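Enquirer: quick one: sequence and predicted model below, then my questions.
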Amino acid sequence: VGQSIGIYYKPLKVILVFLISYVLFCVAVVWHNDGKQFVLFIPLFFLIAVVIVAYAVLFLKQVKARIRTQNVLKELEIAHQKVEELTIANERQRMARDLHDTLAQGLAGLIMQLEAIDAHLTKGSTQRAQEIVQQSMSQVRRTLSDSRRAIDNLRSKTISEVDFAEAVEEEIQRFTMATSIRVIRNIKIKASVPRLLFEHGLFIISECLTNVAKHSH
């Protein structure tokens with residue numbers, strides 16, 4: 001009867017097995033004892049069967065619970081691997097974007113400075129050309145430093161420690177030094193800027209300034 005629970009685990013089939021076993025047991029008791037101990041053995045069998053059935057049901061529930069737990073652990077492990085893979089992929093994309101944007105902006109500024117140097121040399125203004133050369137050297141050093149910081153993912157300040165308006169002001173100063181284009185700004189930020197908005201916003205502003213220098217002539 002107990003094994004039938006593990007085999008079928010369906011109430012009707014288990015009850016059927018129990019009734020067949022119970023009938024066979026009653027016949028065996030009557031056949032061998034001539035009904036003398038029928039009153040003792042029959043209730044005893046019923047009690048034992050109930051205990052075994054209860055134990056079997058409890059045992060099977062524990063087995064099923066353990067199986068479910070193992071399945072959940074496997075699913076969590078798979079999910080953890082996927083999250084880890086996505087995290088690594090996102091981090092690689094972020095690093096690639098940071099490196100690309102850093103190098104792209106730095107090289108774009110350097111190209112504009114070289115064009116300005118060429119223009120001043122053509123006009124014979126060597127003093128102004130030399131000043132721009134000095135600015136270009138500083139720009140190259142700054143770009144190299146930013147690139148290394150992006151590669152190593154090392155920042156002198158965390159996003160929470162850097163003010164967004166201050167970062168934009170530094171970007172404008174670099175742009176003005178590279179292009180001599182005057183920038184009018186009106187930045188009013190009362191709350192802290194989230195990390196994602198901080199990074200993307202600064203990149204957008206930098207790209208906009210670069211486009212101004214490229215296309216404004």
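Expert: Received the coordinates, thanks.
Enquirer: hey, let's count contacts and neighbours off CA atoms from now on
Expert: Fine.
Enquirer: so what's the gap between the host helix or strand of A116 and the chain middle?
Expert: For A116, the enclosing helix or strand under DSSP states H and E is helix 38-123. Averaging C-alpha coordinates over helix 38-123 and over its chain gives two centres that are 8 Å apart (CA atoms, centre = their mean, to the nearest Å).
Enquirer: before we move on, what about stretch 130-142?
Expert: Centre to centre, stretch against its chain (CA atoms, centre = their mean), the figure for stretch 130-142 is 40 Å.
Enquirer: which of the helices and strands in the protein ranks last by mean pLDDT?
Expert: Ranked by mean pLDDT, DSSP states H and E, the weakest helix or strand in the chain is helix 2-7, scoring a mean of 73.
Enquirer: name the next helix or strand following the helix holding A116 along the chain.
Expert: Helix 38-123 is succeeded, C-terminally, by helix 126-152 (DSSP H and E).
Enquirer: ok now the strand or helix carrying S206, how far from the chain's centre?
Expert: Element membership for S206, per DSSP H and E: helix 195-215. Its chain's C-alpha centre lies 26 Å from the corresponding centre of helix 195-215 when counted by CA atoms, centre = their mean.
Enquirer: tell me what that helix is packed against?
Expert: Using 3 or more CA pairs under 8 Å, 6 or more residues apart in numbering; DSSP states H and E as the contact definition, the elements that helix 195-215 packs against are helix 38-123, helix 164-179.
Enquirer: tell me which of the ones you listed sits most buried.
Expert: Across those, averaging neighbours per residue (mean count of other CA atoms under 10 Å) puts helix 164-179 on top, at a mean of 17.
Enquirer: quick one on the thing from earlier: Serialize the helices and strands packed on helix 195-215 to JSON lines and add fields for mean pLDDT.
Expert: Supplementary listing: these in JSON lines, determined by pLDDT from 0 to 100:
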{"stretch": "helix 38-123", "mean pLDDT": "80"}
{"stretch": "helix 164-179", "mean pLDDT": "83"}
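Enquirer: I am finished for the moment; much appreciated.
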